[in-house]
Structures are given as C-alpha cells and as structure tokens.
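>>> this one's structure only:
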C-alpha cells in the first residue's frame, strides 16, 4: 500500500484557493445536461467524482466540452438523453449515482448503474421506493435495497404526492427534486421522518432556481415541484468547496494561523461554511468576507471542548472530531448517524484511527465522544478506508508535534487530488 509520512509541523499560516465544490459541481453538470440550451460552467472541480459524472454524460450522448482549465460547456438535451440504453459505472460517487438514478428512471430508457464495492453497500432503497410510486420500473441486480440497479422503460404517472424518507441520506430527496420537473406535471414530495443535512437541500434548491425551476416548500416537510423545463443560465460559477475549507481553517486554529481560504465566505450557498461557527465556539479567532474565511488560534492558544449536534454539517464535522485532539476536555459529536452510510462507516473508522494516536474514544449509533491524550502517539499509521475525508482529517495530527503516516493518500482524488501539496504549503515544518 502507498503511504505518505507527514513530519511534525511547528504551525500553520498562509492562503489557500479552494477547489470547486463537489456537491455543486455534480449537481450543476446534471442540471446543465437536463436543461434547454448551452451552459458554460466555470471553476468545475477536477476529481474522481466529477470524472464519473462527465463520463456518464458522454455515454448518455450529451458530451461535455472542455473549454480549458476548469471550464466546461454542456449543451443540454431539454430533459431527454440521446442514448436510451447504456451501462454506467459511477465509482463511489453518491452525488452522481443518486441523482442520475432518478433522472434516468424518469427518462424512459433502459439503463444499468453500478459502482465500486462500497457503493453497492450504500443504501438506495428509499429513493427507489419513491421512484416506484411514480411508476418507475427499477430492479435490484444484487442485494435488495442496494446498487447495482437496472432501470427499465416504464410509464411514469406524474403529479400527486411522492413520499421519501429523509433520515438516511439527503441525496434521495435531492435526486427526486432534480428529476421531477422532467415529468411535466406538478408534484409534491412529502418527507417521512426527520430530514437530515438540510443545507445540502438548500444547495439543490438554489441551483434548480438558477436553472429556472422554483420549488416551494412547507418548512422541511413538503416540497412542491413544478413540472417545467430547465433553462440554461448561460454561465455559472462553482463555489470553492466548503467541506475542504474545514481542514485549513482547523489548521489555522490548531497551528496558530492565520490561515485564509478563498472561494467561500458569507455569500456561500453551502451549509458547511457553518463549520467556522463551530470552530469559533471552540475559541478560534474567525474573520470572514463574502468570498473568504480566515482562522487563527484562540488568544490563549487552547481550543475549548464541545458537545454539539452536527446533523447540519456531517462532512465538515469529521474535521472537528480530529480537532478534538487539541481541545481542553472531552468533545462529543451528536446526530451523525449519516456517517454510517458514507464512503465508509465513518463513526467506526474515526473511532479506530483516533485511538491509534492516543485518544480515548466512545461511540454510539449516532454519536462519538473524543478525549484527547496528554501526548499524541508518534508514528501512527492511519488507515483511510478509501475515504478521502479520513485522509484529509488526519493530516491535522502532524500539527500536534507527532509524525503521522497516512495510508493510501491518493484517495483524496475523490474531491481534492492535490490536497497534501496544498496542506504542506501552509505548514511550517
């Protein structure tokens, strides 16, 4: 296995220009493909996940055009896919697999969708159940409730009410929201149970509006989706990735700082910018502009412990689990059940790896409690479980004066291929 050894760092200071948001990039690519007209997309993320979406659109007969650098153009099919029968491999890209499942199920073609082994362990039954309520003919090719899937031509009954659970993954609701305008009929989505990760739904609704479809909602329980065509906005810019910002902001808070990230700020449509609030509650010094955020260590140099609900920012919360190694007491992360069905079981993985560096860790079905050691264990070899966020989170250990080994560092290619170069640029070794 490949690995990367990180030497102890004396601190962190500098500026980072963030790569584009994964969530925004893949949503924008699919909406551009579904829309009428040509869309130029600026600052698109270059990563494994976006590569899967780009490949899928090529296979479906809507090939994106590279404009050089991070700019792409997509000429949409107006809700239709030129290729009506195809096999799509989507890796472990949930932001591609779930929305494409919904869009293709309503498109009337014959498609097979598969991914890596871990994707076939990530539940999709709630989305399939919602699509079947509309008449979609979807069959499981492996275990019931999980990919791979076969989508068969079917007669879609549009309009009325569709019910979908909201407490497993917000991507199920996102997929339905994005696909339902294709039916041409007004449809209401009723969320069953608590809706998790609400800020990601905000991203979806914001982007749909940019493509001309306004969804009205009753709190977070009912969404009224109009049956109308998407229209290209012409040019659209992808914000920097707010989840990726968390590693550098935490580095500033742990390693002195200031560290500034550029590409997200007060004007961001991403909920993960609220990570800065959580860091500030730990005592970090935070400043923010419309398109930047800066973090520095607390005036007394020590981060405060926390007991906090992270249902709204589950991805960025992983960074706080590692930041807990530098807190002045036990830290508790709650309402994070969605970690169990991500790229790996992140609660179990985080507990295992934090213990390697000396932390005392307790875990429950939807919570984690981390107590920092008096001194970090040197030379821990961190397993990353083919999970980009595990690799990026644990780079912060090197700011505690302990060398650390990151196994399979290239797994960051999922969202941030040159992460470790960027991290090294703000670290003082």
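Perfect, thanks for sending it. Everything numeric here is computed off the predicted structure, so don't read it as measured data. Residues are numbered from 1 along each chain as shown.
>>> could you use CA atoms for every contact and neighbour count after this?
Noted.
>>> I'd like the average pLDDT over stretch 418-429.
The pLDDT scores in stretch 418-429 average 96.
>>> run through who's touching that stretch.
For stretch 418-429, contacts defined as Cα atoms under 8 Å, 6 or more residues apart in numbering pick out 7-16, 248, 259, 392, 412.
>>> restricted to helices, list those.
Those of the contacts of stretch 418-429 mapping onto helices are 248, 392, per DSSP state H.
>>> quick one: which of the contacts of stretch 418-429 sit in strands?
11, 12, 13, 14, 15, 16, 259 (DSSP state E).
>>> which two among the residues you listed are spaced furthest apart?
Farthest-apart pair in these is 11 and 16; separation 15.4 Å (Cα to Cα).
>>> can you pick the most crowded of the ones in strands among the contacts of stretch 418-429?
Most neighbours among the ones in strands among the contacts of stretch 418-429, by other Cα atoms under 10 Å: residue 12, with 27 neighbours.
>>> do I have it right that that one meets residue 247?
No - proximity of residue 12 to residue 247 does not meet the contact threshold set by Cα atoms under 8 Å, at 11.3 Å.
>>> mind listing the helices for this protein?
22-34, 48-59, 94-105, 125-132, 170-179, 198-210, 242-254, 275-281, 314-323, 346-356, 388-394, 419-426.
>>> contact partners of the fourth one?
With Cα under 8 Å, 6+ apart as the test, helix 125-132 has contacts from 98, 102, 105, 138, 144-146, 162-165, 172-173, 175-176.
>>> that one versus helix 94-105: what angle between them?
20 degrees (axes from the mean of the first three to the mean of the last three Cα atoms, to 10 degrees).
>>> average pLDDT across helix 125-132?
The average of the pLDDT scores along helix 125-132 is 97.
>>> so what's the residue most central in space within the chain up against?
Residue closest to the mean C-alpha point of the chain, counted by Cα atoms, centre = their mean, is residue 23 at 5.4 Å. Residue 23 makes contact with 95, 200 under the criterion Cα under 8 Å, 6+ apart.
>>> quick check, pLDDT for it.
On pLDDT, residue 23 comes in at 95.
>>> same check on residue 301?
As predicted, residue 301 sits at a pLDDT of 85.
>>> bridge partners for the residue nearest to it when sequence neighbours are not counted, pull those for me.
In space, residue 301 comes closest to residue 256 once its chain neighbours are excluded; the distance is 7.6 Å by Cα to Cα, 6 or more residues apart in numbering. Beta-bridge pairing of residue 256 under DSSP bridges involves residue 12.
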